[in-house]
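> need coordinates for the below:
(chains A and B)
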2 protein chains.
Amino acid sequence: MTTAVLTGHSSIAGRSLPGTGDALHAIAPDTGEELDPPYSQIDVEQLREATAAAADAFPSFSRLEPEAHATFLDSIADEIDALGDALIERGMRETGLPQARLVGERARTTGQLRLFAEVVRSGEHRGVRIDPAQPDRTPLPRVDIRQRRIPLGPVAVFGASNFPLAFSTAGGDTASALAAGCPVVFKAHSSHPGTSELVASAIARAIATHGLHPGVFSHVFGPGRSVGQALVSDPDIHAVGFTGSREGGLALVRTAQQRPVPIPVYAEMSSVNPVFILPGALDGDVQALAAGYVQSATGSSGQLCTQPGIVFVPRGEHGDAFLRAVAEALNAATGQTMLSPSIAAAWREGVATRDAHAEVLARGADGEGPHAPAPVIHAADLPAFDTDHVLHDEIFGAASLVVRYDDVADLVQAASRLEGQLTATLQLSADDHELASALLPVLERKVGRILAGGWPTGVEVGHAMVHGGPFPATSDSRTTSVGTLAIDRFLRPVAYQNIPDELLPEALRDANPWHVPRLVDGRRES
Amino acid sequence: MTTAVLTGHSSIAGRSLPGTGDALHAIAPDTGEELDPPYSQIDVEQLREATAAAADAFPSFSRLEPEAHATFLDSIADEIDALGDALIERGMRETGLPQARLVGERARTTGQLRLFAEVVRSGEHRGVRIDPAQPDRTPLPRVDIRQRRIPLGPVAVFGASNFPLAFSTAGGDTASALAAGCPVVFKAHSSHPGTSELVASAIARAIATHGLHPGVFSHVFGPGRSVGQALVSDPDIHAVGFTGSREGGLALVRTAQQRPVPIPVYAEMSSVNPVFILPGALDGDVQALAAGYVQSATGSSGQLCTQPGIVFVPRGEHGDAFLRAVAEALNAATGQTMLSPSIAAAWREGVATRDAHAEVLARGADGEGPHAPAPVIHAADLPAFDTDHVLHDEIFGAASLVVRYDDVADLVQAASRLEGQLTATLQLSADDHELASALLPVLERKVGRILAGGWPTGVEVGHAMVHGGPFPATSDSRTTSVGTLAIDRFLRPVAYQNIPDELLPEALRDANPWHVPRLVDGRRES
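Alright, predicted model coming up:
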């Protein structure tokens, strides 16, 4: 186990660098206490050292052999595990999240690094396609063309407030960028700097162990408006990963578009994750359904991208029984400490606005400390919801809105009027399949993931996951930020025409020394 | 064979619609003659009928069974073939391109439609991934997650001036969008309206034959500044395909970014397609090399996206011999009629500017008619080229620039300073492999396709082709506009969690009724 010595510095290409700017302190959200050490913020010139080092590291890192590359990702996971309890303890102090949640999040973080290592070994992401020469084709012979995907270049990743491990320093964006072969310059979120520094040290150790160029990873503290914007503007940065607010994401998108050479920004921004309770679902155990809803809406103090923010419930006897069960469960719930005072304040503001637009169905009790407000569920009727856009807005935290509907036919219209979302969930029984069939094509165009039963929180990290969706859920619906497809965000295709075998990249050589899967003349090589 | 009756109207969802706006005439570039019929231009309200019809057509078209879908694409190709000589004759009159070129371009156009039909049958583009449930996994059971890609929605395609068939009405953008399952609203290029109308009629016949919703394809004439911009702003349009100038492409990109819901624009814009003649290549047949260069630079009057606009040549005896051979070949060349008076004028302006910045190596003879200017090749030394950005600009047409270099070591630097390009070409012998190895990693980051030997013109339509590249060659380096990977531009992933089998899309069902290739737990199903 590693002793956690926090420096309060950025780490530029493996070198500890005190910043020239104002220091920031993590604040323990349960007590409001400032945590040591202070974290000094770098300036834009110091940032340039990080991006230049990333550019220097690119040629060697982007061409690593698959096994060395995969083992490096595995080593990051091992080094994170080796941080032991110190990481969980610091994370709990900085975020107020409970131990079990952080232990689970650590497992998810290391698991996704190891999953990306498997992807690197498999070579699926290289997208190799070969159209062999046809010298005898008429009227013209066909040339030999081979395609593979190459990494875009160094990537900027911004840490998220709500997942100090899985969407932060060595989270999904970093893991997928490193797996693609892109060095990463990571801008830490100011609300959990110590947790972030610990993970950054784990990455740095893995880099040193494997003898990689230290520019493969830099970890910086700095103000968003100067250093964050400069990072996205930097000519050595070729793509951006971000999870956070809509305003924050759109600011980065605008900056990236205004560059002399624009770059892609993958921003996962906001979602209310509508849940459609179809009539048949209420023939079952409404108590269990209500408990599932309240748990999903209030767990982690509701601070999850996939928190169910809007739930459509049919009017009538069964619907009323469900709402009574929801109210009962929520009334028994207690507020949990939110991630930061500012997030708690924004939540209170959002709830105060909603109080003026919808009735309160149920409200729990305040939790301990100043930033553990009582969870709340409001209710409105579908016609009011349809016309009042305020009710469509996300409230980040433990607040949700029940929307009562009369006629299932109205649900399809309601679904078609929603903004883009990460998820949509159907609660249904076999009796609801006809209605579900009508809803599915509408929902497919609105979301990245559709669930039947269960709740949208708890995002499985696998090959088939999509954590994405149409704008404004994300800035680019063609991708995902969770799951192995996320690696595609940092790759682009290049074709090689009649290149001599010895000059070809390994993945394209006749002998296929890396054993990558290949599409030959459009068919899978067996 | 179909008799070609040109109406001069737009076709909105299969209905012939005279526009309310000013009429435009095609102009025969060889004579300057106005060709009948006049083409009336629609207004923005008339355009709305097309986009609304496309939106109406989407639900049924996007869910076509693979065989019906593929056969539809084949039928478009058959209907284009059935237009017979009338299509080639009209194309020749409107563009000044020679018969052999247009016959070849027609074969490429129908060939790519049939190739996309094969893709639709194969199902590779659906990107199916399945992570089966693991009910016994600890600590938590794994849910069943299945991913497929769905079409984005109706697509706007803008016709290009220089390929009246292969990058126009039923060209690569239209073919790949239709193959993805996206209805298309096509804005015809004003320089070949009759050719475009003929092909549009072929598509309309295929739609009727297959009983598809007529909104699957609309064909409109309208001013770029009103109708073109409105098309990109239309809420029913979900992506844009464009091939043309940098100014035109960037204007569409800006409009798409400013929408309430931004959409992707795939604009293929400009490229000078650098060619690096390495010293060993001049040990061979310099006459043949020079002839290849001049042919590639002047064929189709140089009006090709992949025309070799800059050629790096080593100084010295062999380089001088090569340049003499180039001059000899070019002096014997005659100007061919350019696509339009305005394109010819822009070419003259570009050449006049270059005349002031570089010496003339050789100039051919003017061709017949007012718009067949003499092809020209300029020459400059590498240091001058490096510091004079005017010399980096594309001149669309039969002009090229030779850049003489002293030291092969300078080539890598020169390559690293180039803007993004569609292609880069190495002329090399076995003696040059070391230098080529140093150049390749630099070129990979600059271009979409790298050739060894041969010339970049003549883009093979296959599975491995990349016709794309970093900005400003295109607006999105992650894609290609030629070859079957182009279909990916119009698709996005959606995940389905625990959806009952009968509600799943066919491609995701256990029984795999569409026989699509699938990645199961990250491995190819055999």
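> quick one: residue A:12 from chain B, how far?
Counting by CB to the nearest CB, to the nearest Å, the gap from residue A:12 to chain B is 23 Å. (Glycine included, C-beta is placed from N, CA and C.)
> who's in contact with that residue?
Going by CB atoms under 8 Å, 6 or more residues apart in numbering or on different chains, residue A:12 touches A:42, A:46, A:49, A:50, A:53, A:218, A:220.
> out of these, who has the most neighbours?
residue A:50 (34 neighbours; other CB atoms under 10 Å in any protein chain shown).
> checking it next. Helix, strand or coil?
helix (DSSP: H, G, I helix; E, B strand; the rest coil).
> residue A:99: neighbouring residues, count only.
Neighbours around residue A:99, by other CB under 10 Å: 12.
> these two touch, right, it and residue A:87?
No: Residue A:99 sits out of contact with residue A:87 when judged by CB atoms under 8 Å, with a separation of 11.3 Å.
> and residue A:451, which of the three is it?
Applying three-state DSSP: residue A:451 is strand.
> how close does residue A:81 sit to chain B?
Between residue A:81 and chain B the computed distance is 16 Å (CB to the nearest CB).
> got the contact list for residue A:70?
Contacts of residue A:70 by CB under 8 Å, 6+ apart are A:117, A:118, A:120, A:121.
> restricted to helices, list the residues you listed.
A:117, A:118, A:120, A:121 (DSSP state H).
> quick one on the thing from earlier: show me which of the contacts of residue A:70 is closest to residue A:508.
Residue A:508 lies nearest to residue A:120 out of the contacts of residue A:70, by CB to CB, at 16.8 Å.
> so that closest one sits against residue A:66, correct?
Yes: using CB under 8 Å, residue A:120 is in contact with residue A:66, at 5.4 Å.
> those two - which one has more neighbours?
residue A:120 (27 against 20).
> tell me the contacts of the more buried one?
Contacts of residue A:120 by CB under 8 Å, 6+ apart are A:66, A:69, A:70, A:73, A:179.
> before we move on, what about residue A:62?
Taking CB under 8 Å, 6+ apart as the test, what residue A:62 contacts is A:150, A:151, A:181, A:182.
> so what's it scoring on pLDDT?
For residue A:62, the pLDDT comes out at 98.
> got phi/psi on it?
Backbone torsions for residue A:62, taken as degrees, to the nearest 10, come to phi -70, psi -10.
> then residue A:134?
phi -130, psi 90.
> residue contacts, it?
A:141, A:142.
> the closest residue to chain B within the stretch 251-400 of chain A is in what secondary structure piece?
When scored by CB to the nearest CB, the stretch 251-400 of chain A has residue A:261 as its residue closest to chain B, at 4.9 Å. In this assignment (DSSP states H and E), residue A:261 forms part of neither any helix nor any strand.
> checking the closest residue to it other than its chain neighbours next. Helix, strand or coil?
In space, and not counting its chain neighbours, residue A:261 is closest to residue B:471: 4.9 Å by CB to CB, 6 or more residues apart in numbering or on different chains. The local conformation at residue B:471, judged by three-state DSSP, is coil.
> out of the contacts of residue A:62, who's the most crowded?
Counting by other CB under 10 Å, top hit in these: residue A:182 with 30 neighbours.
> next one: it from chain B, what distance?
12 Å.
> ok, now which ones touch residue A:334?
A:364, A:365, A:366, A:367, A:372, A:374.
> need the pLDDT of it.
At residue A:334, the pLDDT value in this model is 96.
> OK, contacts around the closest residue to residue A:196 other than its chain neighbours?
Closest residue to residue A:196 apart from its sequence neighbours, by CB to CB, 6+ apart: residue A:188 at 4.0 Å. Taking CB under 8 Å, 6+ apart as the criterion, residue A:188 is in contact with A:159, A:168, A:169, A:196, A:197, A:200, A:219, A:220, A:221.
> mind redoing it with 6 Å?
If you count contacts by CB atoms under 6 Å, 6 or more residues apart in numbering or on different chains, residue A:188 has them with A:159, A:196, A:221.
> now it: how far from residue A:94?
Counting by CB to CB, to the nearest Å, the gap from residue A:188 to residue A:94 is 11 Å.
> returning to that earlier point: out of the contacts of residue A:12, flag the one nearest to residue A:349.
After measuring the contacts of residue A:12 against residue A:349 - CB to CB - the closest member comes out as residue A:220, at 30.3 Å.
> what sits against that closest one?
A:10, A:42, A:50, A:187.
> restricted to helices, list these.
Using DSSP H, those in helices are residue A:50.
> now do the contacts for residue A:274.
Applying CB under 6 Å, 6+ apart, the residues contacting residue A:274 are A:310, A:424.
> and the helices in the stretch 1-150 of chain A?
With DSSP state H, counting those that start in this stretch, the ranges of helices along the stretch 1-150 of chain A come out as A:44-61, A:66-82, A:85-95, A:99-122.
> out of the ones you listed, the one nearest residue A:229 is which?
helix A:44-61 (9.0 Å).
> could you name the helices and strands sitting against that closest one?
strand A:184-187 (3 or more CB pairs under 6 Å, 6 or more residues apart in numbering or on different chains; DSSP states H and E).
> would you turn the helices of the stretch 1-150 of chain A into a markdown table with distance to residue B:79?
Listed next are the helices of the stretch 1-150 of chain A as a markdown table, based on distance: least, CB to CB, whole Å:
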| stretch | distance to residue B:79 |
| --- | --- |
| helix A:44-61 | 49 |
| helix A:66-82 | 47 |
| helix A:85-95 | 63 |
| helix A:99-122 | 43 |
